[in-house]
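> what shape does this take:
(one chain, ligands or ions: 2)
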Amino acid sequence: MQNISIKTVEYESPQMNKGISCVASAWARVPVAPSLEEKVALKERIKRLLKEKQAVLVAHYYTDGDLQDLAEETGGCVSDSLEMARFGRDHPAKTLVVAGVRFMGETAKILSPEKRILMPDLDATCSLDLGCPVDEFTAFCDAHPDRVVVVYANTSAAVKARADWMVTSSIGLQIVAHLHAQGKKIIWAPDKHLGQYIQSQTGADMLLWQGACLVHDEFKGIELELLMKEHPNAKVLVHPESPASVVALADVVGSTSQIIAAAQQLDAPEFIVATDRGIFHKMQQAVPGKRLIEAPTAGNSATCKSCANCPWMAMNSLANLAEVLETGKNEIHIDPEIGRKARTCIDRMLDFAAQQKKNVRPGGDLAKEGALFSGVGPA
Ligand code: 13P
Ligand code: SF4
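Ligands and ions are numbered 1, 2, ... in the order given. The predicted model follows:
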């Protein structure tokens, strides 16, 4: 089936040249790294505040390693977007501090409107979210009323409110395959690379919005091939927000959690990893004896606006985390009507994920089935 490109959104589109949505402004806002003594003091302060405020820390793998360690040490969670959503919803704490980007905090609020959701910096956004303004997206959906609307988690609450399903990178493929099997035609937004990958794997009829992640869009297929020649024993692990030329070279395509699981499960001494370099912190802890190599972003046509490091994820720091816990500032608020509508599409995904888990037969080859469930397998 031929993909029909409906919408082109450039990264440095007008709305991305203003304020914090401009990459340079985001980098300028990244807090200065603390000294060792400051770090120790900040960590102690945060641990005390988390207890005092009965709060729990939920962090993404791309955030600073100290934040990830703190989340784990204090009974919070470090994970991909799907697990962050699930963990936040199910945890009894009345306050969640979400270290990541805006859509992650919004998803937590939509799923738990009664909880207080704080973020270290509310301006930490995402190029996919920025590239999918709700008015244009609504017009796009309205023009194709015969299609089921599937949106990636990396979107605003208002865009989710217009969608039938929300998916994350760890489960998007299974959900689209499920819809395709029911004969449904799909609108997909906003990540064109993830949409193209899912379309190629499922054969579903998908209209693709043309957004991209400014981190993953920079990985280079030609340069990756050269690197693979230098490391013939390395397996290649790729996040599906990467371009098709990179995905085509992958041994495993998956979400951040699935990439870490693959490194643990696959019998290889080295891995070339195409995703934000923040993942190396937890990944190296998970496979201490294995060598992890960054996939190339340099080479022909390189711009290196991010060099495999998300500027908005980097805005999360120990200092602004301590400050929001102390002051209660940076709370996420969502219009209740939008939140209620957006919840339906997130709940659909979470129910589907729960159902998939149930369908894994007990008594089978658990290692193999576990791998299949988590989407670890050849591209
Ligand atoms: P994951 O759900 O795979 O963690 O991805 C989130 C994200 O923003 C990747 O760029
Ligand atoms: Fe968005 Fe890309 Fe940053 Fe993830 S890495 S938050 S998709 S800009």
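
> by contact count, what packs against the helix or strand where residue 263 lies?
Here residue 263, judged by DSSP states H and E, is contained in helix 256-265. Helix 256-265 is packed against strand 234-238, strand 252-253, strand 270-274, helix 280-286, helix 366-373, with contacts defined by 3 or more Cβ pairs under 8 Å, 6 or more residues apart in numbering; DSSP states H and E. Where C-beta positions appear, they are placed from N, C-alpha and C, glycine not excepted.

> let's have the ones you listed in JSON lines, adding mean neighbour count.
Shown next, in JSON lines, are these (neighbours: other Cβ atoms under 10 Å):
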{"stretch": "strand 234-238", "mean neighbour count": "24"}
{"stretch": "strand 252-253", "mean neighbour count": "25"}
{"stretch": "strand 270-274", "mean neighbour count": "23"}
{"stretch": "helix 280-286", "mean neighbour count": "17"}
{"stretch": "helix 366-373", "mean neighbour count": "13"}
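
> of these, which approaches residue 97 most closely?
When the helices and strands packed on helix 256-265 are compared by Cβ to Cβ, helix 280-286 sits nearest residue 97, at 18.3 Å.

> which bits of the stretch 51-200 of the chain sit near ligand 1?
Where the stretch 51-200 of the chain comes near ligand 1, counting by Cβ under 6 Å from any ligand atom, the residues are 80, 81, 154, 168, 169.

> how about 8 Å then?
Residues of the stretch 51-200 of the chain lying near ligand 1 by Cβ under 8 Å from any ligand atom: 60-62, 79-82, 84, 100-101, 126, 128, 153-154, 168-170.

> what does the helix or strand containing residue 179 rub up against?
Secondary-structure assignment from DSSP H and E places residue 179 in helix 172-181. With contacts defined as Cβ atoms under 8 Å, 6 or more residues apart in numbering, helix 172-181 is touched by 148, 150, 152, 165, 167, 186, 188, 194, 197-199, 201-206, 240, 349, 352, 356, 375.

> in helices only, show me these.
Mapping the contacts of helix 172-181 onto helices (DSSP state H) picks out 194, 197, 198, 199, 201, 202, 349, 352, 356.

> buried ones among those?
Buried members of these, scored by 16 or more other Cβ atoms under 10 Å, are 194, 197, 198, 199, 201, 202, 349, 352.

> just give the closest residue to the fifth one, not the sequence neighbours.
The spatially closest residue to residue 201, leaving aside those adjacent along the chain, is residue 173, at 5.7 Å (Cβ to Cβ, 6 or more residues apart in numbering).

> and what of residue 328?
Once flanking residues are discounted, residue 328 sits nearest to residue 118: 7.1 Å by Cβ to Cβ, 6+ apart.

> where in the stretch 101-250 of the chain is pLDDT low?
For the stretch 101-250 of the chain, no stretch has pLDDT under 70.

> Three-state assignment for the residue of it found nearest ligand 1, please.
For the stretch 101-250 of the chain and ligand 1, the shortest gap (Cβ to the nearest ligand atom) falls at residue 169, measuring 4.1 Å. Each residue gets one of three states, and residue 169 gets coil by DSSP: H, G, I helix; E, B strand; the rest coil.

> sorry, back to before: mind putting the helices and strands packed on helix 256-265 into a markdown table with distance to residue 341?
Formatted as a markdown table, the helices and strands packed on helix 256-265 follow (distance: least, Cβ to Cβ, whole Å):
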| stretch | distance to residue 341 |
| --- | --- |
| strand 234-238 | 34 |
| strand 252-253 | 31 |
| strand 270-274 | 35 |
| helix 280-286 | 34 |
| helix 366-373 | 30 |
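
> ligand 2 is nearest to which of the ones you listed?
For the helices and strands packed on helix 256-265, proximity to ligand 2 was assessed by Cβ to the nearest ligand atom; strand 270-274 is nearest, at 11.8 Å.

> residue 343 touches residue 109, doesn't it?
No - Residue 343 lies out of contact with residue 109 (Cβ atoms under 8 Å); the separation is 10.0 Å.

> more neighbours: those two, which one.
Neighbours were tallied for residue 343 and for residue 109 using other Cβ atoms under 10 Å; the higher tally belongs to residue 109 (23 against 20).
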